[in-house]
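Engineer: Sequence first, predicted model second:
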Amino acid sequence: MATDNFEAVAASAGGSVASFEPEHVTLGERIQRFLHNYPTAAPAFVLLMAVTFFYAIIGGKFLDPFNLSLVFQQVTIIGMIGVAQTLVILTAGIDLSVGAIMVLCSVVMGRTAIHLGLPAELALLLGLTAGAVCGAINGFLITRLRLPPFITTLGTWSIFFALNLWYSESETIRSQDIAANAPLLQFMGISFEIFGARFTTGTLALFALFAGMWYALNHTPWGRHVYATGDDPQAAQLAGINTERVLLSVYIVAGVICAFAAWTLIGRIGSVSPQAGQSANLDSITAVVIGGTSLFGGRGAIVGTLLGALVVGVFRNGLALAGVDVLWQEFSIGLLIIVAVAVDQWIRRA
């Protein structure tokens, strides 16, 4: 009765009654919202399309178990460094020093074990400690001195790389010396065969690392604090989160992961080279961006980084098998990065 009276009064006054009709959502908007809610869907689709495309032009050679296992071996280092980079980018930062930290830690492990004659277990521990210290330096400069992450890590990249050349004396430790005196350092390079596919312990360690970080980010308070800090630092502080402590912990954990990648790098190449892993910085950012993690922080998934690394590996492997020049392989990866960033900007408007 009251509603009828209200409509009558509104009609007599020449007014209109507000009506709430269902919002018309276009197909593009639905896709936009879906990708916003499920950020790993896009890299999974790209990976599926890439595999289908290269299978169509190359044939069964591309899907050969040995070739597919080779792709996993090739992305092992990128994937591990990508995990560290994902943690930083989730907090709306970026770390340009991850590659330099990895190489420096590998040199620390190699020289302490071979030149100083310390047990390999102690050398590994010192390498992991070096990674934590490097990460702590980045975190301290960013949280305490309020320096921008991009400029800070650009500076520490030069510092860590210089320390690497100084401590290593620009000399490579040979594989034979490591095998004879510290075989534990080459543990990540041990290979085994499953149904024609050849894997390494480093590949298994990669999956274990992703599983551990997935659990930490999705099922622990620390993980929720990382997302909250990257999404809105002010709101996170009002909610009682110590954002400075979270950021510091993220950079320390990233440093330790880089040291773990250093151990894997030694197993991968068999030796300790101060010149190894020079492209790890950009490769890790590429994997994270293609994997759907937003450069603006607060949105993304660790599984997406694994998919992004596999996309890069599949493209490079497929183009190499197709006889495409390395120049155009790098061109295609650069194009992927631009498309991924453009898609991220579009998704953020959802």
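Structural biologist: Great, that's in hand.
Engineer: any idea which helix or strand comes after whichever helix in the chain runs longest?
Structural biologist: In the chain, with assignment by DSSP state H, the single longest helix is helix 243-269. Downstream of helix 243-269, the first helix or strand assigned by DSSP states H and E is helix 280-290.
Engineer: and the angle from the helix or strand that that next one is followed by to helix 280-290?
Structural biologist: Using DSSP H and E, the helix or strand that follows helix 280-290 in sequence is helix 302-321. Per axes from the mean of the first three to the mean of the last three C-alpha atoms, to 10 degrees, the angle that helix 302-321 makes with helix 280-290 is 110 degrees.
Engineer: what's the angle between the longest helix of the chain and helix 280-290?
Structural biologist: Using the same axes, to 10 degrees: helix 243-269 against helix 280-290 is 110 degrees.
Engineer: which other helices and strands contact helix 243-269?
Structural biologist: Contacting helix 243-269 under the criterion 3 or more C-beta pairs under 8 Å, 6 or more residues apart in numbering; DSSP states H and E are the following elements: helix 76-90, helix 98-114, helix 120-143, helix 201-219, helix 221-231, helix 233-238. Quick note: C-beta positions are derived from backbone N, CA and C, even for glycine.
Engineer: how far away is residue 221 from residue 135?
Structural biologist: 20 Å (C-beta to C-beta, to the nearest Å).
Engineer: With neighbour numbers in mind, choose between those two.
Structural biologist: Using other C-beta atoms under 10 Å, the more surrounded residue of residue 221 and residue 135 is residue 135, with 29 against 8.
Engineer: which regions of this protein lie under the pLDDT threshold?
Structural biologist: Low-confidence segments of the chain (pLDDT under 70): 1-23, 348-350.
Engineer: try 50
Structural biologist: Confidence mapping of the chain against pLDDT under 50 gives the ranges 1-3, 6-21.
Engineer: Next up, the contacts around the spatially most central residue of it.
Structural biologist: Per C-alpha atoms, centre = their mean, the C-alpha nearest to the average position across the chain is that of residue 82, at 2.2 Å. Contact partners of residue 82, counting by C-beta atoms under 8 Å, 6 or more residues apart in numbering, are 283-284, 287-288, 291, 305-306, 308-309.
Engineer: and if we set it to 10 Å?
Structural biologist: Going by C-beta atoms under 10 Å, 6 or more residues apart in numbering, residue 82 touches 75, 89, 98, 206, 210, 257, 261, 280, 283-291, 293, 302, 304-306, 308-309, 312.
Engineer: how about the nearest residue to it, chain neighbours excluded?
Structural biologist: residue 287 (4.0 Å; C-beta to C-beta, 6 or more residues apart in numbering).
Engineer: my guess is that neighbour contacts residue 302, does it?
Structural biologist: No. If you go by C-beta atoms under 10 Å, residue 287 and residue 302 don't touch, sitting 11.1 Å apart.
Engineer: The two: who's more crowded?
Structural biologist: residue 287 (29 against 26).
Engineer: separation between residue 98 and residue 305?
Structural biologist: For residue 98, the distance to residue 305 - C-beta to C-beta - is 13 Å.
Engineer: shared neighbours of the two, anything?
Structural biologist: What both residue 98 and residue 305 touch, as defined by C-beta under 10 Å, 6+ apart, is the set 80-85, 284.
Engineer: Need these in JSON lines (columns: distance to residue 163).
Structural biologist: Formatted as JSON lines, the shared contacts of residue 98 and residue 305 follow (distance: C-beta to C-beta, whole Å):
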{"residue": "80", "distance to residue 163": "21"}
{"residue": "81", "distance to residue 163": "18"}
{"residue": "82", "distance to residue 163": "24"}
{"residue": "83", "distance to residue 163": "23"}
{"residue": "84", "distance to residue 163": "19"}
{"residue": "85", "distance to residue 163": "21"}
{"residue": "284", "distance to residue 163": "20"}
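Engineer: neighbour-wise, which of those leads?
Structural biologist: Highest neighbour count within these: residue 82, with 35 neighbours (other C-beta under 10 Å).
Engineer: What is the three-state secondary structure of the spatially closest residue to residue 150 that is not a sequence neighbour?
Structural biologist: Among residues not flanking residue 150 along the chain, residue 94 sits closest, at 5.5 Å (C-beta to C-beta, 6+ apart). Following DSSP: H, G, I helix; E, B strand; the rest coil, the label given to residue 94 is coil.
Engineer: Might one say that residue 94 is in contact with residue 84?
Structural biologist: No. Residue 94 is not in contact with residue 84 according to C-beta under 10 Å; the separation is 11.4 Å.
Engineer: Would you mind grabbing the residues shared as contacts by these two?
Structural biologist: Common neighbours of residue 94 and residue 84 (C-beta under 10 Å, 6+ apart) are residue 288.
Engineer: Now do the contacts for residue 149.
Structural biologist: Counted by C-beta under 10 Å, 6+ apart, residue 149 has contacts 88-89, 91-96, 138-139, 141-142, 247, 251.
Engineer: ok so, going back, shared neighbours of residue 287 and residue 302, anything?
Structural biologist: 82-83, 86, 293.
Engineer: before we move on, the earlier item: just the buried ones out of the contacts of residue 82, please.
Structural biologist: Buried subset of the contacts of residue 82 (neighbour count, 16 or more other C-beta atoms under 10 Å): 75, 89, 98, 206, 210, 257, 261, 280, 283-291, 293, 302, 304-306, 308-309, 312.
Engineer: returning to that earlier point: compile the helices and strands packed on helix 243-269 into CSV and extend it with columns for distance to residue 342.
Structural biologist: Output for the helices and strands packed on helix 243-269, formatted as CSV (distance: least, C-beta to C-beta, whole Å):
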stretch, distance to residue 342
helix 76-90, 17
helix 98-114, 24
helix 120-143, 28
helix 201-219, 26
helix 221-231, 21
helix 233-238, 26
